[in-house]
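Visitor: Attaching a predicted model along with its sequence, questions to come.
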Amino acid sequence: MASRHRHEDAARLYDTFGAPLFRYALMLLGRREAAEDVIQQVFVALLDRGTGHVTDPLSYLRAAVRNACYSHLRAGRVRGAHLNDDDGLIEARPGADGPSSAEDRLTLQAGILGLPAEQREVIHLHVFEGLSFREVAAATGESPNTVASRYRYALGKLREGFLGSR
């Protein structure tokens with residue numbers, strides 16, 4: 001019975017948070033296969049452990065994905081970021097702010113993938129997930145000032161790259 005309950009919990013959490021967690025892993029790792037491996041690893045571990053007394057499942061899962069991604073990066077299991085436009089890093093959203101053409105999305109995606117992982121992470125959490133700098137700091141274990149600096153440096157590099165490609 002407990003096993004079935006854990007499977008149902010994990011399935012519900014995957015249905016709710018799987019896509020944003022995958023995009024987070026994809027942003028950090030820059031490789032679809034590696035991001036898929038991390039998400040599978042996190043949810044298999046969740047099946048083994050269950051959710052227990054987790055009060056904020058998204059924060060818990062985000063931390064697990066973050067830790068798994070950085071373990072992959074430290075171990076050198078991910079070499080060179082490479083994504084296609086259909087990998088979903090930069091979504092096309094009609095009427096939304098952001099790059100409207102596929103060419104602009106690819107240019108922005110290449111610029112983001114050229115950033116250090118810590119800057120990509122801040123960009124993802126702040127821009128794509130809508131977290132405040134304080135929330136990003138809590139998610140990453142960094143100070144809000146460090147997060148704001150990483151964001152500022154990342155934006156500067158992206159502006160240089162984007163304007164330089166025109």
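Guide: Now that the structure is in, tell me what you want to look at.

Visitor: what comes up buried for the helix ranked longest in the chain?
Guide: Across the chain, the longest stretch assigned as helix under DSSP state H is helix 2-29. Of the residues in helix 2-29, those scored as buried under the neighbour-count criterion (16 or more other Cβ atoms under 10 Å) are 6, 9-10, 13-14, 17, 20-29. Bear in mind the C-beta positions are built from the backbone N, C-alpha and C, glycine included.

Visitor: According to the record, where do the domains of this structure fall?
Guide: Under the assignment named as automatic domain parsing, the residue ranges that make up the domains of the chain are 2-74, 93-164.

Visitor: Where among these is average confidence lowest?
Guide: Set side by side, these differ in mean pLDDT, and domain 93-164 is lowest with a mean of 83.

Visitor: to the chain's geometric centre, what's the distance from that domain?
Guide: Domain 93-164 has its average C-alpha position 11 Å from the chain's average C-alpha position, going by Cα atoms, centre = their mean, to the nearest Å.

Visitor: Could you give the separation of the first helix or strand past the longest helix of the chain going along the chain from the chain centroid?
Guide: Note on helix 2-29: by DSSP states H and E, the next helix or strand toward the C-terminus is helix 32-49. The chain centroid and the centroid of helix 32-49 are separated by 14 Å under Cα atoms, centre = their mean.
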